[in-house]
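Trainee: got a predicted model here, sequence first, then my questions.
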Amino acid sequence: MESSSPLENKSKPRRRRKPKSICLPFAAEAYQRGLDDHVYCRQYIMELYERFPELFPAALSEGFTFHGFLSSKKQDLIQRRIQLKANDEQYQIRPSFMMPYMIGPTAEVEKALYYRRWGVPFAALPHAFGHTPMYWYRAYVALGRFSLVGTTIKDPDRLPTHLLADEKHTRHQGNKAYIPTTVAQECILGAEVVESPGEEELKKGYRVFRQEARNLDPDYCPDTVNTDGWDATQNVWKTLFPRILILPCFLHFVLKIKNRCRSDKDLLHTLQDKIWSGYHAETRASFAQRLRRLREWVAPRQMATTVKEKVLDLCAHAADFKKAFDHPGAYRTSNALDRLMDYQDRLLYTMQYFHGTLESAGLFVRAMALVWNFHPYGQKTQKKYGPRASPFQQLNGFSYHDSWLENMMIAASLNGQRA
């Protein structure tokens with residue numbers, strides 16, 4: 001029998017293993033008691049199942065039996081295993097105070113990963129938290145294995161009906177690369193790295209969001225998505241969700257006018273007042289009327305040809321802008337997306353973009369997304385939303401744990417892929 005070459009082995013697609021780790025909120029004392037007392041452990045698991053069934057495999061509803069233990073010499077931790085009566089599948093119970101793969105206690109990892117939220121280099125983390133730069137890099141990138149949608153959204157009824165989508169430009173090994181990014185409700189729900197802005201590559205990136213969303217709800221189809229004017233992006237979304245309504249970004253049209261009117265500040269201020277007055281119209285009819293008045297005001301006036309063309313172009317798209325009035329809550333500008341892309345931009349710049357494989361780059365941007373979704377808001381925002389508030393908490397209405405990283409570990413039970 002001929003043996004395959006190393007190159008042939010590397011080219012074979014890696015088979016993804018089904019997630020078998022159930023992460024639950026345990027205090028250290030309660031966890032030890034659960035190891036010693038199986039009656040208490042069963043009672044505690046069933047209480048959590050009643051409150052948070054999304055953390056467990058669906059077949060647990062038909063019962064389970066305890067199925068031995070797993071022992072980690074690395075962390076001196078014993079984990080219980082359970083076997084489902086419905087299908088004999090086996091799962092391990094991991095406490096939220098321990099990171100996946102037993103790399104360390106969550107409390108010891110949390111602060112370093114929080115500083116990564118602000119772009120602190122991996123090479124600087126050992127100075128304050130020990131270990132090596134590669135240890136922290138691997139701990140961070142491993143978060144990208146979780147489902148973005150399944151980890152962030154715990155109830156299918158909370159899947160967003162209105163989305164924002166755009167591509168973040170970046171570099172991979174010195175070449176241009178792109179990050180198709182999907183955003184809703186202040187959370188990043190899709191982020192992948194692709195090598196070109198063509199339809200086929202963008203479809204690969206945006207399709208991951210659809211797959212993860214339909215793992216929660218097989219019939220999921222959002223009502224609207226707000227994008228810029230890139231045809232490939234719009235075509236991809238129409239392909240992925242044929243019934244979706246594509247909404248143009250009003251802000252992009254305004255910025256094009258602003259960029260061509262910098263030399264005439266008075267005209268710019270006048271145009272902006274009239275344009276934004278139209279945008280803030282409360283009804284569809286009022287919006288259409290104000291854009292007609294704007295076109296009538298601009299048409300006979302003497303001004304730079306490029307400025308007039310862009311203003312008239314905005315007015316010509318009035319029919320497209322008016323569609324948003326039929327969908328309350330739809331995004332009319334890309335502001336909510338741009339804020340999160342600024343976060344991506346800051347972190348990508350601090351690391352001077354991607355130098356490894358495309359797969360590791362993809363895991364990295366997904367990890368960035370999850371850290372954003374679960375990070376605690378700053379002090380000013382917490383005064384508005386409450387202590388320890390985060391994008392995850394705002395979207396779901398609750399948190400599993402006060403620690404943002406333990407909250408993420410619990411939310412990522414079964415890698416966020418409950419099927």
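Mentor: That came through fine. Here the structure is a predicted model, which means the values were calculated and not measured.

Trainee: which helices and strands does the helix or strand hosting Ser277 pack with?
Mentor: Per DSSP states H and E, Ser277 falls inside helix 265-279. When contacts are defined as 3 or more Cβ pairs under 8 Å, 6 or more residues apart in numbering; DSSP states H and E, helix 265-279 sits against helix 250-259, helix 284-298, helix 305-316. (Each C-beta comes from the backbone N, C-alpha and C, glycine too.)

Trainee: now these in a markdown table, with distance to Tyr49, mean neighbour count and mean pLDDT?
Mentor: Below are these laid out as a markdown table (distance: least, Cβ to Cβ, whole Å; neighbours: other Cβ atoms under 10 Å; pLDDT from 0 to 100):
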| stretch | distance to Tyr49 | mean neighbour count | mean pLDDT |
| --- | --- | --- | --- |
| helix 250-259 | 45 | 17 | 94 |
| helix 284-298 | 48 | 16 | 95 |
| helix 305-316 | 54 | 17 | 93 |
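
Trainee: which stretch among those comes nearest His269?
Mentor: Of all these, helix 250-259 sits nearest to His269, with 10.5 Å by Cβ to Cβ.

Trainee: and the contacts of the closest one?
Mentor: 228-229, 268, 271-272, 275-276, 279, 307, 310-311, 313-314, 317, 321, 332-335 (Cβ atoms under 8 Å, 6 or more residues apart in numbering).

Trainee: only whichever of those residues are buried, select them in PyMOL.
Mentor: Entered in PyMOL, the line below selects the buried ones among the contacts of helix 250-259, by 16 or more other Cβ atoms under 10 Å:
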select buried, resi 268+271+275+307+310+311+314+321+332+333+334
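
Trainee: ok so Gln302 is a strand residue?
Mentor: No. Gln302: not assigned to a strand; according to DSSP: H, G, I helix; E, B strand; the rest coil it is coil.

Trainee: what's around it, how many residues?
Mentor: When neighbours are counted by other Cβ atoms under 10 Å, Gln302 registers 5.

Trainee: got the buried residues for stretch 344-356?
Mentor: Residues of stretch 344-356 classed as buried: Gln344, Leu347, Leu348, Phe354 (neighbour count, 16+ other Cβ under 10 Å).

Trainee: any idea how far the closest residue to Asp217 other than its chain neighbours lies from Ala330?
Mentor: Counting by Cβ to Cβ, 6 or more residues apart in numbering, Asp217 lies nearest to Pro156, which is 4.2 Å off, once chain neighbours are set aside. Pro156 is 20 Å from Ala330, where distance means Cβ to Cβ, to the nearest Å.

Trainee: with Asp228 instead?
Mentor: 16 Å.

Trainee: likewise Ala123?
Mentor: 43 Å.

Trainee: thought Arg214 was touching the residue nearest to Asp217, still the case?
Mentor: No. When contacts are counted by Cβ atoms under 8 Å, Pro156 is not listed as touching Arg214 (9.9 Å).

Trainee: where do the contact lists of the two overlap?
Mentor: Tyr220.

Trainee: can you give me the neighbour number for Val365?
Mentor: 25.

Trainee: tell me the contacts of it?
Mentor: With Cβ under 8 Å, 6+ apart, Val365 has these contacts: Gly144, Ile179, Ala191, Glu192, Val193, Gln344.
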